[in-house]
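Student: would you be able to build a 3D model of this:
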Amino acid sequence: MTDVRTRTYLFALVDGGGTVPPELGAVRRLVARGHHVTVLGEDSMRIETEATGATFRPWVVAPNKAGRRQEDDRFADWRISNPLQLMPLLLEQQFVGPAPGYATDVRAAITARHPDLVVCSFFAYGAMIGAESAGVPFDVLLPNAYLLPAPGMPAFGIGAQPARGPLGRLRDTAVNGIAGRLWDKGVPDLNRLRAELALPPIDHFFDQAHRARRHLVLTSAAFDFPAELPDHVRYVGAVLDDPAWAATAWTPPPGDHPLVLVALSSTFQDQVGCLQRIVDALGTLPVRGIVTTGPALDPSAIRAPGNVTVVAAAPHSEVLRDAAAIVTHGGHGTVVRALAAGVPLVVLHHGRDQADNAARVVARGAGLSVKRTAPPAKIAAAVRRLIDEPSFRAGAGELGAAIRRDAESGALVRELEDLPLTEPAR
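Tutor: Okay, the predicted model is just below:
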């Protein structure tokens, strides 16, 4: 049985936009249970972190961005459409290049806070090394579908369905093999850091993440595709909290036409053109549109017809209670909140994990996938199908019931509290 003695936790988090609300949701739940939690994070996350009741500690040596607008984006990954071309950039600017800085900051925070457990963003490889070198166990948070290679899981990043037959398995073997060789280019530098901190070398890039005590997958197994996963992987349910910046008053626009929510990324992904085409599409339909631009865009950048309202933010959990459909980029947080509300989706994926989320939505009959470059007429046709064809709402409702059940299970907190007995925090 898990001991519920007060613990001390150190979260080492990277601002990935949509990854922040679920990761801070874990923080909020631990604080509510009376635990001591410190969050090492970027200044762009400070207000949201402090709203959880945790102690905020900024990255000092590691990268630290001020906000989520285009000028704060050091990756500009939205310029890259091929995930294989994205890997060298991620190695240089996130996983490997800044790893010594993450390790330094984590080791300093461990000395100051004496945590029982370090909980790391998947992107903070250096934080994992810092915790390991200090002899403190660490968990890895994965606020999306399981993205590490595993038998049976389609190759990540290409929006593939599970392999069927020899050709499908050959596809996954080939893509994972190419990707693995690209990721492994970061291993020599990681091993140099590990050697400096008296740690043994790793053979492959993902070996570092697999040195974690647990991988906590913040989604429902019912949403993900089945695969043969390591014993330390746990599906702990989605965190369905709205981000703190979306805590605004919400009143549905007047009228009786179906309500359609539009929500693209909370970080800059060059989405203005796509967002404008979506709004133009809604302007041709008998619907009430509500568009939330998020902190990355100014609502004035969008020209809206009379039946569409554009705002910076609104609480999606409330809007979705009234919505007939949602049009989105396919970020995991938006997708699972929509499904939990039983709302079908049109996904215009832009990059990152979004094509893979779209594949899971389509496989469950819960929505449609449309190219982000699609013209307004094609987007409008997809929205009309979701509203007119009951099967999509039924698919979303069936999957949403499993997502709600797993989100309410308490598995996330149980896993984080499942630690050996230690002396009470002083």
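Student: tell me the helices and strands packed up against the helix or strand containing residue 377.
Tutor: Assigned by DSSP states H and E, residue 377 belongs to helix 376-388. Helix 376-388 is packed against helix 272-282, strand 323-328, strand 345-347, strand 367-369, helix 390-407, with contacts defined by 3 or more Cβ pairs under 8 Å, 6 or more residues apart in numbering; DSSP states H and E. Just so you know, the C-beta spots here come from the backbone N, C-alpha and C atoms, and that holds for glycine as well.
Student: most neighbours per residue, which of these?
Tutor: With neighbours defined as mean count of other Cβ atoms under 10 Å, the helices and strands packed on helix 376-388 peak in mean count at strand 345-347, which reaches a mean of 29.
Student: the nearest residue to residue 145 once chain neighbours are set aside: what secondary structure?
Tutor: Of all residues not flanking residue 145 in the chain, residue 224 sits nearest, at 4.6 Å (Cβ to Cβ, 6 or more residues apart in numbering). Here residue 224 takes the coil state, with states given by DSSP: H, G, I helix; E, B strand; the rest coil.
Student: touching, residue 224 and residue 218? I think so.
Tutor: No - at 10.9 Å, residue 224 does not count as touching residue 218 under the criterion of Cβ atoms under 8 Å.
Student: for these two, indicate the residue with more neighbours.
Tutor: residue 218 (24 against 19; other Cβ atoms under 10 Å).
Student: where does that one land on pLDDT?
Tutor: At residue 218, the model reports a pLDDT of 97.
Student: lowest-pLDDT helix or strand in the chain?
Tutor: Among the helices and strands of the chain, helix 83-90 carries the lowest confidence by mean pLDDT, DSSP states H and E, at a mean of 75.
Student: picking that back up, quick one: contacts of the helix holding residue 377?
Tutor: 258, 260, 277-278, 280-285, 287, 324-325, 327, 344-346, 348, 367-368, 370, 392-393 (Cβ atoms under 8 Å, 6 or more residues apart in numbering).
Student: if you set the cut-off to 6 Å instead, what comes out?
Tutor: The contact list for helix 376-388 (Cβ atoms under 6 Å, 6 or more residues apart in numbering) reads 258, 277-278, 280-281, 284-285, 324-325, 344, 346, 368, 370, 392.
Student: pLDDT and distance to residue 239 for those residues - can I get that in JSON lines?
Tutor: Shown next, in JSON lines, are the contacts of helix 376-388 (pLDDT from 0 to 100; distance: Cβ to Cβ, whole Å):
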{"residue": "258", "pLDDT": "97", "distance to residue 239": "28"}
{"residue": "277", "pLDDT": "93", "distance to residue 239": "31"}
{"residue": "278", "pLDDT": "95", "distance to residue 239": "26"}
{"residue": "280", "pLDDT": "95", "distance to residue 239": "33"}
{"residue": "281", "pLDDT": "96", "distance to residue 239": "31"}
{"residue": "284", "pLDDT": "96", "distance to residue 239": "36"}
{"residue": "285", "pLDDT": "97", "distance to residue 239": "32"}
{"residue": "324", "pLDDT": "97", "distance to residue 239": "25"}
{"residue": "325", "pLDDT": "97", "distance to residue 239": "23"}
{"residue": "344", "pLDDT": "97", "distance to residue 239": "22"}
{"residue": "346", "pLDDT": "97", "distance to residue 239": "24"}
{"residue": "368", "pLDDT": "97", "distance to residue 239": "26"}
{"residue": "370", "pLDDT": "95", "distance to residue 239": "27"}
{"residue": "392", "pLDDT": "97", "distance to residue 239": "25"}
